[in-house]
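Enquirer: Everything below, folded, please.
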Amino acid sequence: MAAEFKFPNEIDPLGSNVNRTLDFQRLSQGKQKQISVRVGEIIRGKIVEVISPTQAIISLPDGTFSAEITGKFKSGDELFFRVQSVEPSLVLKIYSIFVGKENKELPISEILRILNLPKTNLFETIISNEKNKANVIIREDVILKAKYANNFLEKFSKENIELLLRFIDFALESNIEPNIEFFEHYKRMFLLKEIIPKLISVLNLNLELFPDSTKSKIQELRKILQQNVPFSTFIKYFSPNFNHINENIFNLVAELKTQKLSTDMTSIVDDFLKCFNSLWIINSAASLSVGNTIFFIIPYIWENNVRFTLFRYRKRKLGNTDEHKFNPEDEELIQPIKENLEKEMGNYFTSSEGRNELNLLQSNFRRNSRKEGIRLIIKTPTGNTQLLRLINLPNDNQTGVSIVI
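Expert: Predicted coordinates for the structure are as follows:
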């Protein structure tokens, strides 16, 4: 279990704070050549020879040095160290590792050994996820994510680890504390893909119970489902992300909330609005902190039924152009649905109309949210208010840290 690993009292977010001494290596300079690296630099090193459990010969950019080490190194191991001190001794700390060596991917067990991390299911899962995202794994990033995950798992031992780690990644990327309440919102937005089909079915079965104005809106939604409409029309009616459009299903549900409904119908309407609030809160957090991420609930037709899935949109700068990526967050989404939706979303949201919609969505989130000190205050279209705690996670490039290879 993760509890076997003793987490440090404080963790340096994203490799910051060069004054920490956790798992450091002291290089005795003695008669060795003068080293020119500076405190805070990241340097690449190679274990030349392991002399004893606490001593090794390490090759650095400035030469080869005898070092006292803490870890389970072997000859030939390559990794990056952070320079902690240069006087009176050179003090280094395990920093990161490449996921591959000589065009071969390192096994997870080897990465854990070199980074001096425990071989548990939690750490193995984190390393597996990190390998899929980047070619370098930073030790303190892994420890930070494991610490947050461990706090959750101590209270909710049966929680889905993969989902939990995706949430922690998102929260840290958004500079928001990954607490239990925020995680509940993250999980709840996934429920919309199950609730909306049930809602549509209940509306159709009880059509005659509604006033004419509501009935006509339900009939319009049903007509859209029966026609081969463009993707852009389909999502504007059925994706709750487009709540600013009058014909959108969100506005129909908001209207139902003001009417007298049966107990069962009231329950599903309340569930929909609760999950919509969570979707809004997650997107507001991303829009204010990340700025280029939006989660979308996307409808599609499969076996003559309307179904829904969750996609994540990301935009990043590549030189003078923007890269738009649409990735499914739904692990159960199958081909060819996944490929078709990625193509449809890419075509629409890179069009002038789609780009305008993205800008409008983000402006709506920002207009109803604000930062106050370490708090992010979000107001949803249903009148709910959510407070989230911001955290400061500086990265090395922003703090002027250089890398010596």
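Enquirer: The lowest-mean-pLDDT helix or strand in the chain: what's the following helix or strand?
Expert: Across the helices and strands of the chain, mean confidence by mean pLDDT, DSSP states H and E is lowest for strand 24-27: a mean of 46. Using DSSP states H and E, the helix or strand that follows strand 24-27 in sequence is strand 42-52.
Enquirer: Can I get that next one as PDB, trimmed to CA atoms?
Expert: Once non-C-alpha atoms are left out, strand 42-52 reads as follows in PDB (Å, rounded to 0.1, in the frame of the first residue of the first chain):
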ATOM      1  CA  ILE A  42      19.800  20.700 -12.900                       C
ATOM      2  CA  ILE A  43      22.800  18.500 -14.000                       C
ATOM      3  CA  ARG A  44      22.900  15.200 -15.800                       C
ATOM      4  CA  GLY A  45      24.900  12.400 -14.100                       C
ATOM      5  CA  LYS A  46      25.800   8.800 -14.700                       C
ATOM      6  CA  ILE A  47      26.700   6.200 -12.100                       C
ATOM      7  CA  VAL A  48      30.100   4.900 -13.100                       C
ATOM      8  CA  GLU A  49      30.600   2.500 -10.200                       C
ATOM      9  CA  VAL A  50      28.900   1.700  -7.000                       C
ATOM     10  CA  ILE A  51      31.500   1.300  -4.300                       C
ATOM     11  CA  SER A  52      29.200   0.600  -1.400                       C
END
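Enquirer: by how many degrees do the helix or strand following it and strand 42-52 diverge?
Expert: Next in sequence after strand 42-52, counting helices and strands by DSSP H and E, comes strand 55-60. Angle of strand 55-60 versus strand 42-52, following axes from the mean of the first three to the mean of the last three Cα atoms, to 10 degrees, is 150 degrees.
Enquirer: partners of strand 55-60 in the sheet?
Expert: strand 42-52 (antiparallel), strand 63-68 (antiparallel) (DSSP bridges).
Enquirer: For Asn241, find the nearest of the ones you listed.
Expert: strand 42-52 (40.5 Å; Cβ to Cβ). No exception for glycine: its C-beta is placed from N, CA and C like everyone else's.
Enquirer: which regions of the stretch 201-350 of the chain sit below the pLDDT cut-off?
Expert: 289-291 (pLDDT under 70).
Enquirer: in it, which spans are strands?
Expert: Ranges of strands in the stretch 201-350 of the chain, per DSSP state E, counting those that start in this stretch, are 293-302, 305-318, 321-328.
Enquirer: residues near the nearest residue to Val86 once chain neighbours are set aside, how many?
Expert: Sequence neighbours aside, Val39 is the residue nearest to Val86 in space, at 6.2 Å (criterion: Cβ to Cβ, 6 or more residues apart in numbering). By the criterion of other Cβ atoms under 10 Å, Val39 has 14 neighbours.
Enquirer: go on, Asn251?
Expert: So Asn251, with other Cβ under 10 Å, has 17 neighbours.
Enquirer: now it, nearest residue through space, not along the chain?
Expert: Asn243 (6.6 Å).
Enquirer: Longest helix of the chain, counting residues only.
Expert: helix 263-289 (DSSP state H).
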